[in-house]
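Student: Okay, sequence plus prediction incoming.
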Amino acid sequence: MKALVVGLGSIGMRHARNLKTLGITELLGADPDATRRQRFSSELAAPAFSDLTDGLAKMPHLALICSPSAYHVHQATVCAQAGCHLFIEKPLGVALGGIDDLIQLIDTRSLYAHVGSNWKFHAAFRKMKQLLDENAIGHVTGAQVLAGQWLPDWHPWEDYRQGYSARRDLGGGIVFDGHEFDYTLWLLGPVAQAKGLTARSDALETDTDNVVCACLRLESGALATIHMDYIQRIPRRRYHISGHEGTIEWDIHDGRVMHYRFDQKTPREFATPLGDVNEMYLAQMQRVLDGIASGGAPVTPIHHAARVLDLQIQIANNG
């Protein structure tokens, strides 16, 4: 298989390295930045192009869209038109324009398309999903989700103010940048109603919103609150899911999922240490390669990602 990585920043390089680890020897890169192209070619001994069309001329089987969010839909469409299977980094986009056409193109050509969702390949999320699918806490009534990290710590080797997260023109902002809307829908199902508030703290120099608080009414009737931000100096990721028979809790700092039931004095405890962060990225990429080879369904299909994007746009527009 030949893979084209579109966008050779931090996440593009991670995926490229993982593809090589997983045995993909024919790699191509595309990025308008000459320094990034040089790094890609030097490290991976693979050609990199300034123009996407030149990369597609080499007829890759898989295209990985790892560019700033504002470019995802257009670049994914161009690659799908060339017959490429797709890995699109989250979010799917920042606007709904072009999404329906992209979905139709993927369906018509029977292309594999997965949207980035690396935490779904982490043991904690797999365990929470399993417990919920098993109805382990009965009917879910509510969830509280918290996720935050100090933005300058994400890529300490570069000026965070120049990264896409801090720039509206590149499609940044915590509403689109965060994972938690995707994971909440994956765990708990579709949303019937959504309201949100966003803020721009002066703790950071961004022209994007860096704090969001959303309240969701799920189609199941459950209520969920999601708080995400770029400003927490101590990284946080915490889930608390309540049902009429018990509770599921996970905190990234504890490294375990806790399952409490009303009829059991002692909770069940499942060790889910973070370990090497790259393990979940590797597992995700292996699932993509296996899905392309076997025709299996992606963990995060583009149809699901489109629903998540619709929700993100609602929240970005303050519900």
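Tutor: Perfect, thanks for sending it. Please read all numbers here as calculations on a predicted model, not as lab measurements.

Student: show me where pLDDT drops low in the stretch 51-200 of the chain?
Tutor: For the stretch 51-200 of the chain, no stretch has pLDDT under 70.

Student: all strands for it, in order.
Tutor: 62-65, 85-88, 113-115, 140-148, 191-199 (DSSP state E, counting those that start in this stretch).

Student: who does the helix or strand that contains Met13 touch, helix- and strand-wise?
Tutor: Assigned by DSSP states H and E, Met13 belongs to helix 10-21. Helices and strands touching helix 10-21, by 3 or more Cβ pairs under 8 Å, 6 or more residues apart in numbering; DSSP states H and E, are strand 2-6, strand 26-30, helix 34-44, strand 62-65, helix 278-294. C-beta here means a position set from N, CA and C on the backbone, and glycine is covered the same way.

Student: helices or strands next to the third one in the packing?
Tutor: I take that to be helix 34-44. Helix 34-44 packs on helix 10-21, strand 26-30, strand 48-49, going by 3+ Cβ pairs under 8 Å, 6+ apart.

Student: partners of the last one in the sheet?
Tutor: Strands adjacent to strand 48-49 in the sheet, as given by DSSP bridges, are strand 26-30 (parallel).

Student: buried stuff in the strand it pairs with?
Tutor: Buried residues in strand 26-30, counted by 16 or more other Cβ atoms under 10 Å: 27-30.

Student: pull the CA atoms of that strand into PDB?
Tutor: Provided in PDB are the C-alpha atoms of strand 26-30 (Å, rounded to 0.1, in the frame of the first residue of the first chain):
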ATOM      1  CA  GLU A  26       5.800   3.500   0.200                       C
ATOM      2  CA  LEU A  27       5.200   6.900   1.800                       C
ATOM      3  CA  LEU A  28       4.600  10.300   0.200                       C
ATOM      4  CA  GLY A  29       4.200  13.700   1.800                       C
ATOM      5  CA  ALA A  30       2.600  17.000   0.800                       C
END
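
Student: Quick one: residues in contact with that strand.
Tutor: 1-8, 12, 16, 19-20, 37, 40-41, 44, 46-52, 54-55, 58, 60 (Cβ atoms under 8 Å, 6 or more residues apart in numbering).

Student: Can you show me the helices along the chain?
Tutor: Applying DSSP state H to the chain gives helices spanning 10-21, 34-44, 52-56, 72-81, 99-108, 123-133, 174-177, 180-188, 278-294, 302-316.

Student: ok now the helix holding Met13, how far from the chain's centre?
Tutor: 15 Å (Cα atoms, centre = their mean, to the nearest Å).

Student: before we move on, the earlier item: which of the helices and strands packed on helix 10-21 is buried the deepest?
Tutor: strand 62-65 (a mean of 27; mean count of other Cβ atoms under 10 Å).

Student: who does it touch, helix- and strand-wise?
Tutor: strand 2-6, helix 10-21, helix 72-81, strand 85-88.

Student: Tell me the buried residues in the second one?
Tutor: With burial defined by 16+ other Cβ under 10 Å, the residues of helix 10-21 counted as buried are 11-20.
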